[in-house]
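1. following is a predicted model, sequence given first.
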2 protein chains.
Amino acid sequence: MAIAERKGDTRTQQAYQILKSLVMDNTLKPSASYLEAELADRLGMSRTPVREAALQLESEGFLSIRPRHGITILPISIEDMTEIYELLTELEPYAAERVARNGLSDDQREAFMAHVHAMEAALDRNDLVQWADADEAFHMHLVRLAGNERLSRMVATFWDQVHRARIATLTLRPKPSRSNEDHRKLVDLLDKGDWQGARQLHRDHRESAKNMLVDLITRHSLDHL
Amino acid sequence: MAIAERKGDTRTQQAYQILKSLVMDNTLKPSASYLEAELADRLGMSRTPVREAALQLESEGFLSIRPRHGITILPISIEDMTEIYELLTELEPYAAERVARNGLSDDQREAFMAHVHAMEAALDRNDLVQWADADEAFHMHLVRLAGNERLSRMVATFWDQVHRARIATLTLRPKPSRSNEDHRKLVDLLDKGDWQGARQLHRDHRESAKNMLVDLITRHSLDHL
DNA sequence: ACATTAATTAACGTATACATTAACTTCGGC
DNA sequence: GCCGAAGTTAATGTATACGTTAATTAATGT
C-alpha cells in the first residue's frame, strides 16, 4: 500500500521524510535490504526521488547504498552509540553553557518546564515512549536556544540516528526518575546564569546516559540494533 | 570546456568532487547562480548526476538549490564563520584530549612533525597557501587520531566550508609564526599524555584563530566571501 | 506612460528508457 | 558430485523525455 502524501512539497522531500521515519520507527528493518524500485513502488513514486532521498539518508548515516545489494538499513552498533554519545557529551554541554550565559526569557523557561512536566507526567503514567519523546524535546529545545544552526542540525541528526536504540532499550533500563531531576536542576542553573554549573551538570548527565546505554547493550548482547 | 574525468567511480561522485572543488577554489563564485543544465554541460554529463551531487552539497552547506533561481553558491557570512569556529573550538580540543589520553606512537608523532615542518618551511618561503594547507593537514591529522569517524567528517566539512574565507584572508593577517609554535607545543603535550594541557592549549589556539579571523573580516568589511 | 493581465518561455521535478555490469543460473567437464 | 565457464537476468547509473509552473515578456486598457 502506497503511503499517503505528505506535506513536504517535492516528491524527493516526501521520500526523504517518509523513508527516514520508516527507518526510525523500525518498519524498514536494520540490516535488511530494499531495492530502489521496491521502495519507489511502496511510496507510489518513481525511482528518481527515492534515489535522491536515499543519497541524502546515506550521507546522514541511516542507510547504505551498495551497487548490487540494494539499499541496506544500517544497524546501530556499539561503536556508533559510543561515537554519537561522546560527541553529544561535548556538544550539549556547550549548548548548556551558551544558554546559561544568555540567560532565559520567561517564555524559554516556560518551554523547558513544559517539557519537564511532560516527562514527569509520562513517567507517572509509565508511558516510556512519551517520556523519551519529551526528553528529546527538552534536549532539542536546549540546543536550539544556543543559537548555532549547525549545532542544532548535527545534534538533531545524532538523536535521530540513535532513536531506534533508545526506544529498544527503554523497557530494559531503570526508571529514569533521576534523569527528570537532572533536567529540573539544569533549568534552574540555566536560569541563574551559572554556565559552569550548567555545563558540568549536563556533561555528567550525558555521560551517565552514555554509560547506562552502552552497558545495557553490552549486557543484553544487543549489538546492531 | 568540460573538465577531465576524475577517479571517483560514478558520475555522481565525480560531479560531487568537481563541483565541491570548483566552489572551494572560487571558480564558481559566491552568490552567483548556475543552472543545472549549465553545470551538466560544463562537466560533460547529464543533469541527473549534477542534481544528485548538488543535493549533497546543499546539505553540506556549500550551495542552495532554489526552484527557479538555479544553484546558488552560498557566500560565507560572519555568522557562518562564527558558528563554525565556535564548534571547532569545542570539537578540536576534544580531539586533542582524546589523542593525548591515548598517547602518540612514533609514526603518529612523525606525521605531526612532518606537518609542522611543512608549515615552517612554507612560512620561510612566504608561501601562505602552502602554509594553510599544512595547517589544515595538521588539524585533520589530529582529529582523525581521535578515532571518531563522525567527528572527522564533521570537522572536515567545517574546514571545507570556511576554506575560501581562510584563503581570502591569508594575505591580510599577520604572519602566523605564533601558530607554528602552538602546533609544536601541542605535539609535545600530546606526546606527554597531558590531556588537560593539550585540550586547554588547543582551545586557546582555536579561540584566537576565531577572534583573529572574525576581527579581520569585520575590519575589512569582508562579509559574504 | 503605467499598471494589470494574458501569453510565452524555460527551468525544474519527475518519470521513463536504456546500456552496463554484477550476480545468479545453467551446463559441461573432471 | 563438485568446480568452473558461459549465458541469463535484473538492478543500477545515467540520459532523456515530458508536464508543470514560476518568471518574463507582451499586450491591453486606462
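-> On my side now, so go ahead.
2. from here on, contacts and neighbour counts on C-alpha atoms
-> Fine.
3. residue in chain A nearest to DNA strand D?
-> In chain A, the residue that lies nearest DNA strand D is A:Gly70 (3.3 Å; Cα to the nearest atom of the strand).
4. phi, psi of the most far-flung residue of chain A relative to its centre?
-> Residue farthest from the centre of chain A, counting by Cα atoms, centre = their mean, is A:Arg68 at 30.3 Å. Main-chain torsions, A:Arg68, degrees, to the nearest 10: phi -110, psi 10.
5. kindly report the same for A:Ile65.
-> phi -100, psi 110.
6. helices along chain A, start to end?
-> For chain A, helices defined by DSSP state H occupy the ranges A:11-24, A:36-43, A:47-59, A:78-102, A:106-124, A:128-145, A:149-169, A:177-192, A:195-219.
7. tabulate these (JSON lines), appending distance to B:Asn126.
-> JSON lines is the format used below for these (distance: least, Cα to Cα, whole Å):
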{"stretch": "helix A:11-24", "distance to B:Asn126": "48"}
{"stretch": "helix A:36-43", "distance to B:Asn126": "53"}
{"stretch": "helix A:47-59", "distance to B:Asn126": "38"}
{"stretch": "helix A:78-102", "distance to B:Asn126": "37"}
{"stretch": "helix A:106-124", "distance to B:Asn126": "51"}
{"stretch": "helix A:128-145", "distance to B:Asn126": "42"}
{"stretch": "helix A:149-169", "distance to B:Asn126": "34"}
{"stretch": "helix A:177-192", "distance to B:Asn126": "48"}
{"stretch": "helix A:195-219", "distance to B:Asn126": "42"}
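8. so can I have a markdown table of those helices showing mean neighbour count?
-> Output for the helices of chain A, formatted as a markdown table (neighbours: other Cα atoms under 10 Å in any protein chain shown):
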| stretch | mean neighbour count |
| --- | --- |
| helix A:11-24 | 20 |
| helix A:36-43 | 17 |
| helix A:47-59 | 20 |
| helix A:78-102 | 21 |
| helix A:106-124 | 17 |
| helix A:128-145 | 19 |
| helix A:149-169 | 18 |
| helix A:177-192 | 18 |
| helix A:195-219 | 18 |
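9. of all those, which one comes closest to B:Arg98?
-> helix A:78-102 (10.8 Å; Cα to Cα).
10. check whether that closest one comes near chain B.
-> Yes: under the criterion of Cα under 8 Å from any Cα of the partner chain, chain B is reached by helix A:78-102 at A:Glu83, A:Ile84, A:Leu87, A:Glu90, A:Leu91, A:Tyr94.
11. for A:Arg11, which non-adjacent residue is closest in space?
-> A:Pro49 (5.9 Å; Cα to Cα, 6 or more residues apart in numbering or on different chains).
12. distance of that neighbour from A:Thr10?
-> According to Cα to Cα, to the nearest Å, A:Pro49 and A:Thr10 sit 9 Å apart.
13. likewise A:Val116?
-> Separation of A:Val116 from A:Thr10 (Cα to Cα): 36 Å.
14. could you list the contact residues of chain A toward chain B?
-> A:52, A:55-56, A:59, A:83-84, A:87, A:90-91, A:94, A:148-151.
15. quick revisit: report the contact partners of the residue nearest to A:Arg11.
-> Counting by Cα atoms under 8 Å, 6 or more residues apart in numbering or on different chains, A:Pro49 touches A:Arg11, A:Thr12, A:Gln13, A:Ala15.
16. okay if I get the residues you listed as a markdown table plus pLDDT?
-> Compiled in a markdown table, the contacts of A:Pro49 are given as follows (pLDDT from 0 to 100):
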| residue | pLDDT |
| --- | --- |
| A:Arg11 | 94 |
| A:Thr12 | 95 |
| A:Gln13 | 94 |
| A:Ala15 | 95 |
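17. closest to the centroid, which residue in chain A?
-> A:Trp159 (2.1 Å).
18. what sits closest to that one if chain neighbours are left out?
-> A:Glu136 is the one closest to A:Trp159 (Cα to Cα, 6+ apart), at 7.8 Å.
19. where's that neighbour relative to chain B, distance?
-> 21 Å (Cα to the nearest Cα, to the nearest Å).
20. now that residue: how far from A:Ala100?
-> A:Glu136 is 19 Å from A:Ala100, by Cα to Cα.
21. please apply the same query to A:Ser59.
-> Distance from A:Ser59 to A:Ala100, by Cα to Cα: 33 Å.
22. same thing with A:Glu92?
-> Using Cα to Cα, A:Glu92 is found at 12 Å from A:Ala100.
23. for DNA strand C, what are the nearby residues on chain A?
-> A:9-13, A:44-49, A:67-69 (Cα under 7 Å from any atom of the strand).
24. chain B: which of these is nearest?
-> Nearest to chain B, judged by Cα to the nearest Cα, of the residues of chain A next to DNA strand C is A:Thr48 at 9.1 Å.
25. got a list of what that closest one touches?
-> A:Thr12.
26. go again with 10 Å.
-> By Cα atoms under 10 Å, 6 or more residues apart in numbering or on different chains, the residues touching A:Thr48 are A:Arg11, A:Thr12, A:Ala15, A:Glu36, A:Ala37, A:Ala40, A:Ala54, B:Thr48, B:Glu52.
27. mind checking pLDDT for it?
-> As predicted, A:Thr48 sits at a pLDDT of 96.
28. shaky segments in chain A?
-> A:1-8 (pLDDT under 70).
29. how about the residues of it by DNA strand D?
-> A:Tyr34, A:Leu35, A:Glu36, A:Ala37, A:Thr48, A:Ile65, A:Arg66, A:Pro67, A:Arg68, A:His69, A:Gly70, A:Ile71.
30. can you verify my assumption that the first one contacts A:Leu74?
-> This means A:Tyr34. No: using Cα atoms under 10 Å, A:Tyr34 makes no contact with A:Leu74, being 11.8 Å away.
31. hey, what's in contact with both of the two?
-> By Cα under 10 Å, 6+ apart, the residues touching both A:Tyr34 and A:Leu74 are A:Ile65.
32. and those two? Which one has more around it.
-> For the pair A:Tyr34 and A:Leu74, the greater number of neighbours falls to A:Leu74 (21 against 16), based on other Cα atoms under 10 Å in any protein chain shown.
33. how about that one: what's its closest non-neighbour residue?
-> A:Leu63 (4.8 Å).
34. show the contacting residues for A:Ser221.
-> By Cα under 10 Å, 6+ apart, the contact set of A:Ser221 is A:Asp215.
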